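> sequence below, structure please.
(one chain, ligands or ions: 1)
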Amino acid sequence: MTQQAQHSRTTPDVVVIGGGIVGLACAWSALRDGATVTVVDRDFEGDRTSHGNAGGIAVTESTPISVNGLYMKAIKWLFDPLGPLSLDWKHLPAALPWFLEFQRTGNEERFKEISFALAKLNNRVYDDIVPMFEDIGVMDSFYRRGALTIYETDEAFAADQHEWAFKRELGVRWRAMTADEVRECEPSLAPVFRHGVFLDDWAHIGDPKRVVIQLRNRVRELGAQFVEGSVKALDLSDGLAQSAVLATGEPIKGRRIIVATGAWSAEIAATVGDHVLLDSERGYNTTLPSHGISLSREVIFAERKFVATPLDIGVRIGGAAEFAGLKAPPNYKRSDALLALGKRFLPGINDAGAVKWMGHRPATPDSLPVIGQSPRASNVIYAFGHGHLGLTQSATTGALVADLLAGRTPGISLEPYSIKRFRN
Ligand SMILES: Cc1cc2nc3c(=O)[nH]c(=O)nc-3n(C[C@H](O)[C@H](O)[C@H](O)COP(=O)(O)OP(=O)(O)OC[C@H]3O[C@@H](n4cnc5c(N)ncnc54)[C@H](O)[C@@H]3O)c2cc1C
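I've put the predicted structure just below:
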């Protein structure tokens, strides 16, 4: 029987599994190409990574997390229980292959390769995201005011110069600022910062959750069907996924299936035999609705590894990388530790009504997302693993996936993002 004959007339062209920012952006792009789309999520209204992130359109972040020398720093951080990095030792056996691969990506050649691949995505972000933001009506809270990275010490600033110079090669625009310029740029900062780097092309949005809701509403308006249910497997036969099978056993049929389930994607890929190294890099933040300070743009505290973003709903202070898997309960002491730093460096900030949050960054060891066709099921397309940059790269991922669905040659080669890089 042909694939055509196996599907009924009502079978949608595309089933998107995952209603976070990435899945919805894929659905939006496919709908704009005229496809019929079904979106499946186990909980459309529930909290998710895409709701609570820092809101940064961080297009200048084109180097992987595995910067040279990070491994040594990381070992030191692991001994600080509330430092920027933590590991639940019970999670170590499961995470070990991820960490070993992470270490391998730190070598100079691979570091450069990854950086150019990240830059290829980041350098086209505004071409893709602005039309999406216009269409869903969130341009009123899209702030293109740059971002400011700040340094407390001359040593840390000097140590990063190599990376800043390399970032210029990647197309990143930045300019160094003196201590006085930093103070003039963001007067609410404590007067302890000796250097700054202004990042012209960074932007932020007023509320990541509002963007998800508006995008979801627009996807529905464009005709997508929504199915609430947890997908447990893809049903593979003759090299094609016939359906996404829910935990209830119900099959959700589609001609193409997009897996966009963020940090939960490895399990679904495994059901067609595709292997990926994906872990949850859990991040924390606190949002301060009555902060009482003035902040114009996202500020990145270089040595302390946290950020503060002036969202419409309050100043959000967050960061941290915690490896504890998908099931361990949040340790909100991390939000408290980040807030304590925020109070120290943004003196006078008011924490009345503070809201704490934890989210699962879908992290690959090489910091590259997984975008492209499954080698085992030709009608399955992966769109996950965006780590720190899922909001930033959402519309670009959607546009690339739409190219694949429509049979167009994507504007950039998808080779670096293929799941095949994980020994498939
Ligand atoms: C503290 C923090 C700050 C961040 N800051 C930024 C930032 O400033 N800029 C930026 O670009 N990115 C940032 N990120 C990263 C960004 O939030 C993520 O990369 C992005 O949200 C991932 O989106 P997603 O759609 O892939 O995953 P998610 O938002 O997690 O969505 C996945 C969806 O899949 C559904 N799902 C999972 N499994 C199943 C299943 N089996 N069946 C059905 N449905 C399923 C879930 O319910 C969920 O709705 C940050 C992340 C954190 C944690």
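> is it correct that residue 263 is in contact with residue 364?
No. At 10.6 Å, residue 263 does not count as touching residue 364 under the criterion of C-beta atoms under 8 Å. Any C-beta I mention is one placed from the backbone N, CA and C, and that applies to glycine too.
> shared neighbours of the two, which are they?
Shared contacts of residue 263 and residue 364 (C-beta atoms under 8 Å, 6 or more residues apart in numbering): residue 278.
> comparing those two, which residue is more hemmed in?
The neighbour comparison of residue 263 against residue 364 (other C-beta atoms under 10 Å) goes to residue 364, with 28 against 24.
> so where do the strands sit in the stretch 201-350 of the chain?
203-205, 225-228, 231-237, 240-246, 251-253, 256-259, 279-288, 298-301, 306-311, 314-323 (DSSP state E, counting those that start in this stretch).
> now the third one: buried residues?
Within strand 231-237, the residues that count as buried by 16 or more other C-beta atoms under 10 Å are 231, 233-236.
> alongside the ligand, which residues does the stretch 151-300 of the chain contribute?
Residues of the stretch 151-300 of the chain lying close to the ligand by C-beta under 6 Å from any ligand atom are 230-231, 260-264, 283, 285.
> from these, list just the buried residues.
231, 260-264, 283, 285.
> just name the closest of the residues you listed to residue 169, please.
residue 283 (28.4 Å; C-beta to C-beta).
> which non-adjacent residue is nearest residue 303?
Nearest residue to residue 303 in three dimensions, chain neighbours excluded: residue 156, at 5.0 Å (C-beta to C-beta, 6 or more residues apart in numbering).
> didn't the one you found look like it was pressed against residue 305?
No. In this structure, residue 156 is not within contact of residue 305 by C-beta under 8 Å, at 11.1 Å.
> quick one: the one helix or strand residue 148 maps to to strand 306-311, angle?
Using DSSP states H and E, residue 148 maps to strand 147-151. Interaxial angle of strand 147-151 relative to strand 306-311 (axes from the mean of the first three to the mean of the last three C-alpha atoms, to 10 degrees): 150 degrees.
> who's in contact with the helix or strand just after strand 147-151?
Downstream of strand 147-151, the first helix or strand assigned by DSSP H and E is helix 154-159. Helix 154-159 is contacted by residues 151, 194-195, 302-303 when judged by C-beta under 8 Å, 6+ apart.
> just give me the closest of the residues you listed to the ligand.
Distance to the ligand across the contacts of helix 154-159 (C-beta to the nearest ligand atom) is lowest for residue 302, with 15.9 Å.
> what distance do you get for that closest one to residue 270?
For residue 302, the distance to residue 270 (C-beta to C-beta, to the nearest Å) stands at 38 Å.
> between those two, who's got more neighbours?
More crowded of residue 302 and residue 270, by other C-beta under 10 Å: residue 302, with 19 against 13.
> still on that earlier bit, got CSV for the residues of the stretch 151-300 of the chain next to the ligand, with pLDDT too?
Listed next are these as CSV, based on pLDDT from 0 to 100:
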residue, pLDDT
230, 98
231, 98
260, 98
261, 98
262, 98
263, 98
264, 98
283, 96
285, 95
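> of all those, which two lie farthest apart?
Maximum pairwise distance in those, criterion C-beta to C-beta, is 28.4 Å, between 231 and 285.
> residue 156 and residue 305: who's more crowded?
Taking other C-beta under 10 Å, residue 156 and residue 305 do not tie; residue 305 has more neighbours (17 against 13).
> residue 337 is in contact with the more buried one, correct?
No. Between residue 305 and residue 337 there is no contact under C-beta under 8 Å: 11.3 Å.
> and for those two, which residues touch both?
Common neighbours of residue 305 and residue 337, using C-beta under 8 Å, 6+ apart, are residue 320.
> name the element residue 109 belongs to?
Per DSSP H and E: helix 108-122 holds residue 109.
> which residues does the residue of the stretch 1-150 of the chain found nearest the ligand contact?
The ligand sits closest to residue 20 of the stretch 1-150 of the chain, with a gap of 2.2 Å, by C-beta to the nearest ligand atom. Applying C-beta under 8 Å, 6+ apart, we find residue 20 in contact with 41, 48-50, 212, 260-262, 390.
> so of those, which ones are in helices?
Within the contacts of residue 20, residues falling in helices by DSSP state H are 49-50, 212.
> what is the nearest of these to residue 351?
For those, the residue nearest residue 351 by C-beta to C-beta is residue 49; the value is 23.6 Å.
> got a list of what the closest residue in space to that closest one that isn't next to it in sequence touches?
Nearest residue to residue 49 in three dimensions, chain neighbours excluded: residue 359, at 4.0 Å (C-beta to C-beta, 6+ apart). Counting by C-beta under 8 Å, 6+ apart, residue 359 touches 47-49, 51-53, 282-283.
> can you select the buried ones among these for me in PyMOL?
Remark: buried members of the contacts of residue 359, expressed as a PyMOL selection using 16+ other C-beta under 10 Å:
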select buried, resi 48+49+51+52+53+282+283
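> using TSV, lay out the contacts of residue 359 together with distance to residue 173.
Formatted as TSV, those follow (distance: C-beta to C-beta, whole Å):
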residue	distance to residue 173
47	35
48	32
49	28
51	30
52	29
53	23
282	32
283	26
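> next, give me the two most distant ones among the contacts of residue 359.
Longest span within the contacts of residue 359, C-beta to C-beta: 51 and 282, 14.6 Å.
> so where's the stretch 101-250 of the chain uncertain?
Applying pLDDT under 70 to the stretch 101-250 of the chain flags no residue at all.
> residues in a beta bridge with the one residue in it that gets nearest to the ligand, which ones?
Using C-beta to the nearest ligand atom, residue 231 is the residue of the stretch 101-250 of the chain that sits closest to the ligand, at 3.8 Å. Judged by DSSP bridges, the bridge partners of residue 231 are residue 246.
> residues contacting it?
Neighbouring residues of residue 231 by C-beta under 8 Å, 6+ apart: 17, 40, 42, 244-247, 252, 261, 268.
> distance of it relative to residue 419?
Distance of residue 231 to residue 419, given as C-beta to C-beta: 17 Å.
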